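Student: When you get a sec, could you give me coordinates for this:
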Amino acid sequence: MLLLALTGGGSLGRHYIAMFEATQNVTLKPTETWREALLDTRVMDLFFTVHRKIREDSDMAQDSLQCLAQLASMHGPIFPDESAQVSYLAHLVEGLLSMINGIEIEDSEAVGISNIISNLITMFPRSTLTALPSDLFTSFINCLTLLTCSFGRSAALEEVLDKDDMVYMEAYDKLLESWLTLVQDEEHFPRGCFVQPAVQVFNSYIQCHLAAPDGTRNLSVNGISSHEEEEINELQEDDRELFSDQLSSIGMLGRVAADHCIPLLMSLLEDRVTRLHGQLQRTQQHLMATSDPGSMDRKVLDDLYEDIHWLILVSGYLLADDPQGETPLIPSEVMEFSIKHSTEVDINTTLQILGSPGEKASSIPGCNRTDSVIRLLSAVLRTSEVESRATRASLTGLLSPQMGKDIMWFLRRWAKTYLLVDEKLYEQISIPLSTAFGADTEGAQWIVGYLLEKVINNLSVWSSEAELANDTVELLVTLVEKRERANVVVQCESWWNLAKQFASRSPPLHLLSSSVQRSLMKALVLGGFAHMDSDAKQQYWAEVLHPLQQRFLNLINQENFAQISQEEAVKKEIVATLEALCGIAEATQIDNVAALFSFLMDFLSSCIGLMEVYSNTPETINLIIEVFVEVAHKQICYLGETKSMKLYEVCLTLLQVYSKNNQSRKRNDATAEEDQYQDLLLIMELLTNLLSKEFIDFSDTDDVFRNQDQGTPASSRTVSAADVVLYGVNIVLPLMSQDLLKFPSLCNQYYKLITFICEIFPEKIPQLPEDLFKSLMFSLELGMTSMSSEINQLCLEALSPLAEQCAKTQEKDTPLFIATRHFLKLVFDMLILQKHNTEMTVAAGEALYTLVCLHQAEYSELVETLLSSQRDAVIYQRLADAFNTLAASSRPPTMDRKQKVAFLKSLEEFVANVGGLLCMK
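Tutor: A predicted model of the protein is given here:
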């Protein structure tokens, strides 16, 4: 590489060569000694000239673009002041524009050019970008706009052709990320400077995703029928996940140009829904008139469904965010757009369109004087209504389940943000939005009722479409997970009907998949904690939870239960109950944990009894363990000491029964490994959840339980988390083979568990039986030497507490002390002799420091051996000086935090200085 050759004279070059092999986008942070060479404009000109000369050779072109991408990322002390940085950036942008404007970009250049742009936008401060001459900045933004649209069109073509190497897609993603970075810092730039570019990029994206004549989707490729496309799509994950980053960027650009983009989406979606309604009617007439349904051409319908799919996705990402765990707010740009136009809006007409999803919006008088944000939601509700009416007309076979999923996804995302909008969270609020969706408004009550009816209809019509049913029930959970929304939901008669229907296992709800039934139970339990008078609440629980308990007890208490337990109907009932218990546990919140814990504890002992009955039915065993996993996961952090102990005791009994059954269980060879995998994964999840109490504990007192925790004092407690976890480890370790560790999720859970144990109970490790202790040490060594970097890091984090434990006891001949001596050499070799990423340096450094404190003589010996093996006098001296500097940072090393921090700082410099000298390939 040219740039590496340029910088290869010192340690900088070695450092970058080592990093270069790990990543293709390396940032450049040279020291000030490089100032004269790298700030000379002729150097940059040379790289642009070289690229022009060699760009026909795709391999060399990628290398030269990589050099330019590094130059675009240059930062740090090389710049003496801001003006030097501005001059450098200006020259870089001029060179880039000159290069792009003078060529037709080759496929092999797309990613490299997008990396250059991404680096300069990411690495240079906003003040440097805005200090560029205004005409140069404008030219750069215009060039970025044209490139983004061009790469977007080429990416769409790649997708239709199903190419293996999606270079334009990668480049397009990179440029959209760059736009996201720019518009999120919009306040630093001239007001409105991104509006027109946003309009162009947004329009281009929409155009690529719509069918002709409005769009260009599939125009360039002939001969791909819609059915073939469906087959291709079924092999991929859902577009909303697959393209979530793209959609986030497009949604954000849509907000920047809200005046253009919101009305555009509204009119396009209204148009497509009107056409869909007409096409379904025509198709129905055609089906009535023909005896051969197969003769019908679905292309028009399929094109409409695909258009609606993308319009709903883009609308969802524009109107709302989906922040995990936070209260999502209406995006400020959307709120400002609605406020700005509110003087032109007739609120009554807007509400009329919202409340008339069966009518075409344009048929309602005054439809032009309506709020576009509300009307965009109305267009989605209209789509939903067309779908519902088609199902009632027995046209379900003509509908697209994907469209049904999109509607549910949009409504869930929308409801989290807009439904019962809390005015206190906003500095200013749009009157149309607060009137339509605010608390105590008729609009909010109407829409809750409408969404509830839609959910019930979907669960009935689409029970066999697992993903659609799942999205539907997730919308239901969203409607009740916040108490304010749940208070409105439980006032609807249809909610009570749904609860009764589910509790009585009536068709068609009993046909839903087990995961959907679980989420439905979660929703029904959350709804039960809404505000109701005591009689209504008692009646509700009697209708939802009481039948579950009664049926279960009646079944397992039958004298002949053991004989009938393997009958299909009985197994179905047991599985349905276990799924419901998981759903109840998932509904846990701080204000309902007391009631739910007591209810679930009554079941857990019975579940252990089922372990015996179904010992040869692995899927049922897994589900029983899963109930315990969910209870521990959702409730342990809220439980006080007495309640925690009850849970520990019942978990210990579960593990004992599992262990006994496992020893006698006969496994069919073909399925043995998979069964074992599922069992162990769940058991380790259970143990990890119990351990999490040590990290996350919201139970300072037992106030949550209103002083129910009277009884066993702490001093006489019988079972602790350590007892349960170490008993579980006794089960897990002997079964954990290297073959099983090839399952990534199992491997991660296993190493997470043993790291937790070493961190929380280091004093228990030396007490393990000899064979288990050896297994644990072997697992740690295997994780450090043969596993992914994530696992390496977990194992390194486990070593420090073990070494500290040895230092505390000061016993020199214990197996743990001997093992830590062995680990010292492993960590030393990892840091000094092997390639590793920079994140690993911190974990390895902390482990090395504690091990050096424990084994100072052995560490000195390792250093001496390494130095004596060097034949090159220069390398010998550099290493010796580096080791002396490292040792001087903590002399003598002790388990002192300040010393450890000083050692880690020195170690970072040590690795940067000599890390590349000894790395073994």
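Student: Let's test this: mean pLDDT of stretch 492-500, rounded?
Tutor: With pLDDT averaged residue by residue, stretch 492-500 scores 93.
Student: And it, what's buried?
Tutor: C492, W495, W496, L498, A499 (16 or more other Cβ atoms under 10 Å). C-beta: built from backbone N, CA, C; applies to glycine.
Student: Over to stretch 144-163?
Tutor: The neighbour-count check on stretch 144-163 (16+ other Cβ under 10 Å) flags 144-160 as buried.
Student: Just the CA trace of it, in CSV.
Tutor: In CSV, the C-alpha atoms belonging to stretch 144-163 read as follows (Å, rounded to 0.1, in the frame of the first residue of the first chain):
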residue,chain,number,x,y,z
LEU,A,144,-23.0,13.7,-2.4
THR,A,145,-26.7,14.0,-3.4
LEU,A,146,-26.1,12.8,-7.0
LEU,A,147,-23.9,10.0,-5.9
THR,A,148,-26.4,8.8,-3.3
CYS,A,149,-29.2,8.7,-5.8
SER,A,150,-27.0,7.0,-8.4
PHE,A,151,-25.7,4.4,-6.0
GLY,A,152,-29.3,3.8,-4.8
ARG,A,153,-30.5,3.1,-8.3
SER,A,154,-27.6,0.7,-8.9
ALA,A,155,-28.2,-1.0,-5.5
ALA,A,156,-31.9,-1.6,-6.4
LEU,A,157,-30.8,-3.2,-9.7
GLU,A,158,-28.3,-5.4,-7.8
GLU,A,159,-31.1,-6.6,-5.5
VAL,A,160,-33.4,-7.5,-8.4
LEU,A,161,-30.6,-9.4,-10.1
ASP,A,162,-29.9,-11.1,-6.8
LYS,A,163,-26.1,-10.5,-7.2
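Student: Average pLDDT for it, rounded please.
Tutor: So the average pLDDT for stretch 144-163 ends up being 91.
Student: How about residues contacting it?
Tutor: Residues outside stretch 144-163 that contact it (Cβ atoms under 8 Å, 6 or more residues apart in numbering): 100, 105, 110, 113-114, 117, 166-169, 171-172, 175-176, 178-179, 197, 200-201, 204-205, 208-209, 216-218, 220-221, 224, 232.
Student: Quick one: list the elements packing against the longest helix seen in the chain.
Tutor: When secondary structure is assigned using DSSP state H, the longest helix within the chain turns out to be helix 258-289. Packed against helix 258-289, as judged by 3 or more Cβ pairs under 8 Å, 6 or more residues apart in numbering; DSSP states H and E, are the following elements: helix 195-209, helix 244-256, helix 299-319, helix 332-340, helix 372-392.
Student: Format the buried residues of stretch 492-500 as CSV; extra columns: secondary structure and distance to S644.
Tutor: Conversion of those to CSV gives the following (DSSP: H, G, I helix; E, B strand; the rest coil; distance: Cβ to Cβ, whole Å):
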residue, secondary structure, distance to S644
C492, coil, 38
W495, helix, 34
W496, helix, 36
L498, helix, 35
A499, helix, 32
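Student: before we move on, back to that, got JSON lines for the helices and strands packed on helix 258-289, with mean pLDDT, mean neighbour count and distance to L520 too?
Tutor: Rendered in JSON lines, the data for the helices and strands packed on helix 258-289 read as follows (pLDDT from 0 to 100; neighbours: other Cβ atoms under 10 Å; distance: least, Cβ to Cβ, whole Å):
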{"stretch": "helix 195-209", "mean pLDDT": "97", "mean neighbour count": "20", "distance to L520": "33"}
{"stretch": "helix 244-256", "mean pLDDT": "96", "mean neighbour count": "22", "distance to L520": "26"}
{"stretch": "helix 299-319", "mean pLDDT": "96", "mean neighbour count": "22", "distance to L520": "23"}
{"stretch": "helix 332-340", "mean pLDDT": "97", "mean neighbour count": "18", "distance to L520": "32"}
{"stretch": "helix 372-392", "mean pLDDT": "97", "mean neighbour count": "22", "distance to L520": "20"}
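Student: now those as TSV including distance to P734?
Tutor: Below are those laid out as TSV (distance: least, Cβ to Cβ, whole Å):
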stretch	distance to P734
helix 195-209	54
helix 244-256	42
helix 299-319	49
helix 332-340	58
helix 372-392	54
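Student: Quick one: closest of the ones you listed to A84.
Tutor: Within the helices and strands packed on helix 258-289, the stretch nearest A84 is helix 195-209; the backing value is 28.6 Å (Cβ to Cβ).
Student: got the angle for the closest one vs helix 258-289?
Tutor: Using axes from the mean of the first three to the mean of the last three Cα atoms, to 10 degrees, the inter-axis angle of helix 195-209 relative to helix 258-289 is 20 degrees.
Student: and helix 195-209, how far from the chain's centre?
Tutor: For helix 195-209, the distance between its averaged C-alpha position and the chain's averaged C-alpha position is 27 Å (Cα atoms, centre = their mean, to the nearest Å).
Student: next one: stretch 638-645
Tutor: In this view, stretch 638-645 has its centroid 31 Å away from the chain centroid, taken as Cα atoms, centre = their mean.
Student: same question for it, mean pLDDT?
Tutor: Per-residue pLDDT values across stretch 638-645 average out to 90.
Student: for stretch 766-781, same thing?
Tutor: 89.
Student: try stretch 728-736
Tutor: On average, stretch 728-736 scores 84.
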